[in-house]
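K.L.:
Let's see this in three dimensions:
(one chain, ligands or ions: 1)
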Amino acid sequence: MEKYDAIIVGGGNAGLAGAIALARSRRKVLVVDEGNPRNAVSAHAHNVLGHEGISPHKLLELGRAEATDYGVEFASARIESLSGSLEEGFIISTQASQWQAERILLATGLSDALPEIPGLQKAWGTSALHCPYCHGWEVRDQQIAILGVSEMSTHQALLFRQLSDTITYVNHAPKSLTAENRALLAAVGIEVVDAQVTDIAVSDDGQVQSLALNNGSTLGAQAVVVASQMKANASLFLGLGGDLSQNPMGEFISVNEMGATSVPGVYAAGNISNLGAMIGLATAAGTMAGAAINADLVMESAKKKLARK
Ligand SMILES: Cc1cc2nc3c(=O)[nH]c(=O)nc-3n(C[C@H](O)[C@H](O)[C@H](O)COP(=O)(O)OP(=O)(O)OC[C@H]3O[C@@H](n4cnc5c(N)ncnc54)[C@H](O)[C@@H]3O)c2cc1C
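P.N.:
Below is the predicted model of the structure:
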């Protein structure tokens, strides 16, 4: 079985950045990636320094080429299981292959669960949005409907209000809107409509046109803002006995500032450990985790050499 210093599960921004940090320290690295990054549905990525508006696929293609130049190896597959420990080493398996590693970096991202409203999935990433920093500028001054579905929805409404004067909050899940938050929305001129959305009309190219409400009315909108329920893609970590933490956005793996998880030898970076991380933060966390793994291996090897003297 081929043995690596580190195996990285997930080849998005976090995984590729971690791979480059390790390979530049002459580590033998394998990245296993099934190739379905979270923002694949969007045509452009924003707030990416030096690459403003780049296609998410192009950005990863560039990162992958840089990693390949430093000798990083790649496998296109889904990792089905992770076993082992810091003492014995780790084994990761797909249905067809197995590899061994001293350290593991989990960079498998997160899954966004959307409310089940017809049309929403079709518009997701084009004109159904969650993040003002990713897409807010692109919908500035438009008619924007906020789907009131969680305690994050008021926060989103206030942030998008910075970008447009015509914001309507549709109180789809009434329990998520407190009296205090309703007052805050009113204070900044956001109208609250107490109704559920039954359908979203979306054009073939993913543009929202209007929302049908259960009070029989139709609300015109060019964009919909929705708080997805986020869940770290953490089945491999759970299989090792790790557990998940929770915040209002969803569930994630807790790590220290270097990316180390509670399971010795296993690191995590990107959306799997920071639900709010945009590309820049995911990339930085990957670099930090890669550096931490290298430092960890350097120290282990120095101690072993000292013990042999
Ligand atoms: C619609 C949308 C638009 C966005 N737009 C922007 C934007 O404009 N600007 C910005 O900064 N941020 C944006 N983001 C956020 C951005 O997507 C994340 O910051 C980024 O994808 C996090 O990178 P990551 O490497 O942690 O995870 P990902 O990019 O999701 O990469 C994880 C990789 O791991 C792979 N994987 C998962 N499980 C396994 C497994 N078991 N085996 C093998 N591989 C596996 C996945 O297939 C994927 O390739 C957007 C998010 C969404 C949802």
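
K.L.:
can we go C-alpha only for contacts and neighbour counts from here?
P.N.:
Fine.

K.L.:
Next to the ligand, which bits of the stretch 101-250 of the chain? Give me the list.
P.N.:
107-109, 125, 134 (CA under 6 Å from any ligand atom).

K.L.:
Would you format these as CSV with pLDDT included?
P.N.:
Below are these laid out as CSV (pLDDT from 0 to 100):
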residue, pLDDT
A107, 98
T108, 98
G109, 98
G125, 95
C134, 96
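
K.L.:
Let's see which of the residues you listed end up in helices.
P.N.:
C134 (DSSP state H).

K.L.:
Next, format the residues of the stretch 101-250 of the chain next to the ligand as a markdown table and append neighbour count.
P.N.:
Listed next are those as a markdown table, based on neighbours: other CA atoms under 10 Å:
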| residue | neighbour count |
| --- | --- |
| A107 | 32 |
| T108 | 31 |
| G109 | 31 |
| G125 | 21 |
| C134 | 19 |
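
K.L.:
and the residues of the stretch 101-250 of the chain next to the ligand as JSON lines, adding distance to I253?
P.N.:
Formatted as JSON lines, these follow (distance: CA to CA, whole Å):
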{"residue": "A107", "distance to I253": "11"}
{"residue": "T108", "distance to I253": "11"}
{"residue": "G109", "distance to I253": "11"}
{"residue": "G125", "distance to I253": "25"}
{"residue": "C134", "distance to I253": "23"}
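
K.L.:
S83 pairs with what?
P.N.:
I91 (DSSP bridges).

K.L.:
I'd assumed W99 was in contact with it.
P.N.:
No: judged on CA atoms under 8 Å, S83 makes no contact with W99 at a distance of 10.8 Å.

K.L.:
tell me, what's touching those two both at once?
P.N.:
Both S83 and W99 are contacted by 91-92, under the criterion CA atoms under 8 Å, 6 or more residues apart in numbering.

K.L.:
What strand or helix carries F74?
P.N.:
Element membership of F74, judged by DSSP states H and E, is strand 73-76.

K.L.:
Only the buried residues of that strand, if you could.
P.N.:
Across strand 73-76, burial judged by 16 or more other CA atoms under 10 Å covers 73-74.

K.L.:
how does the protein divide into domains?
P.N.:
3-112+229-308, 115-225 (automatic domain parsing).

K.L.:
chain center to the shortest one, what's the gap?
P.N.:
Averaging C-alpha coordinates over domain 115-225 and over its chain gives two centres that are 21 Å apart (CA atoms, centre = their mean, to the nearest Å).

K.L.:
how far does that domain stretch from start to finish?
P.N.:
Distance between the two ends of domain 115-225: 12 Å, counting by CA to CA, to the nearest Å.

K.L.:
what's next to the strand or helix carrying A183, contact-wise?
P.N.:
Assigned by DSSP H and E, A183 belongs to helix 179-187. With contact meaning CA under 8 Å, 6+ apart, helix 179-187 is reached by 154, 157-158, 191-192.

K.L.:
right, and the helix or strand after that helix?
P.N.:
strand 191-193.

K.L.:
Pull out the buried positions in that next one.
P.N.:
Result for strand 191-193 [16+ other CA under 10 Å]: buried residues 191-192.

K.L.:
in its sheet, what does that strand sit against?
P.N.:
Checking strand 191-193 against DSSP bridges gives partners strand 167-170 (parallel).

K.L.:
need the helices for the protein, in chain order.
P.N.:
Going by DSSP H, the chain shows helices at 13-23, 56-69, 120-123, 132-135, 152-161, 179-187, 235-239, 279-308.

K.L.:
List the buried residues of the fourth one.
P.N.:
Of the residues in helix 132-135, those with enough neighbours to count as buried (16+ other CA under 10 Å) are 132, 134-135.

K.L.:
now the fifth one
P.N.:
Of the residues in helix 152-161, those buried by neighbour count under the rule 16+ other CA under 10 Å are 152-154, 156-158, 160-161.

K.L.:
could you dump these to a markdown table with pLDDT and distance to S42?
P.N.:
Listed next are the buried residues of helix 152-161 as a markdown table, based on pLDDT from 0 to 100; distance: CA to CA, whole Å:
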| residue | pLDDT | distance to S42 |
| --- | --- | --- |
| M152 | 95 | 22 |
| S153 | 97 | 21 |
| T154 | 97 | 24 |
| Q156 | 97 | 19 |
| A157 | 98 | 21 |
| L158 | 98 | 23 |
| F160 | 98 | 19 |
| R161 | 98 | 22 |
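
K.L.:
between those, which is nearest L213?
P.N.:
Closest approach between these and L213, by CA to CA: S153, at 17.8 Å.
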